[in-house]
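**Student:** All I have is the shape, not the residue letters:
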């Protein structure tokens, strides 16, 4: 549905949150970018638009990463992107009077039937008990010969 709306409206920039309240899968932004063929920036903590280019700064394990994207693009946000502001009551009342264009999925030509099927769920294999070793040499021997990790 979002891809069809983006196709009709043709916005230069689509901004989405990174989390869903139901399953927290973090996939809507990435899927929308793939379906619409747009550049994507994820987990944005800072966004700048200059000269037809989009600069997205995001937090990664090693610090900050800055990406330069061509517009049109899809960006998912991090909680540090902005400070929420609260609308004043008169502004809320004005917004209620403005027309809202609503469309059904059928009007957009989209079928909203579920396409995923849960085949089964199994618990993971039980862990085997640990072994106490008497020395470092015995530990190294077990890691090399039994676990084959060295």
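**Tutor:** Looks like it arrived, so ask away. Quick caveat, the model's predicted, so the values are computed rather than measured.

**Student:** Please make it C-alpha for all contacts and neighbour counts, starting now.
**Tutor:** Noted.

**Student:** Let me see the ranges of the helices in the protein.
**Tutor:** Along the chain, counting by DSSP state H, helices occupy 2-9, 28-36, 89-97, 105-108, 136-145.

**Student:** Need the winner for burial among those helices.
**Tutor:** Highest mean neighbour count among the helices of the chain (mean count of other C-alpha atoms under 10 Å): helix 28-36, with a mean of 17.

**Student:** From residue 43, how far off is the residue nearest to the spatial centre of the chain?
**Tutor:** In the chain, the residue lying closest to the centroid (C-alpha atoms, centre = their mean) is residue 26, at 3.4 Å. Computed with C-alpha to C-alpha, to the nearest Å, the distance linking residue 26 and residue 43 is 10 Å.

**Student:** any common contacting residues for the two?
**Tutor:** Counting by C-alpha atoms under 8 Å, 6 or more residues apart in numbering, the contacts common to residue 26 and residue 43 are residue 18.

**Student:** related to what we said a few turns ago, now render the helices of the chain as TSV, adding distance to residue 16 and mean pLDDT.
**Tutor:** Listed next are these as TSV, based on distance: least, C-alpha to C-alpha, whole Å; pLDDT from 0 to 100:
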stretch	distance to residue 16	mean pLDDT
helix 2-9	11	92
helix 28-36	6	92
helix 89-97	21	93
helix 105-108	20	90
helix 136-145	47	92
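
**Student:** which residue lies farthest from the center of this protein?
**Tutor:** residue 134 (47.8 Å).

**Student:** do you know how far it is from residue 36?
**Tutor:** Here residue 134 is placed at a distance of 60 Å from residue 36 (C-alpha to C-alpha).

**Student:** Just give me the longest strand of this structure.
**Tutor:** In the chain, assigned by DSSP state E, the strand with the most residues is strand 39-50.

**Student:** partners of that one in the sheet?
**Tutor:** Partners of strand 39-50 in the sheet, by DSSP bridges, are strand 53-60 (antiparallel), strand 73-77 (parallel).
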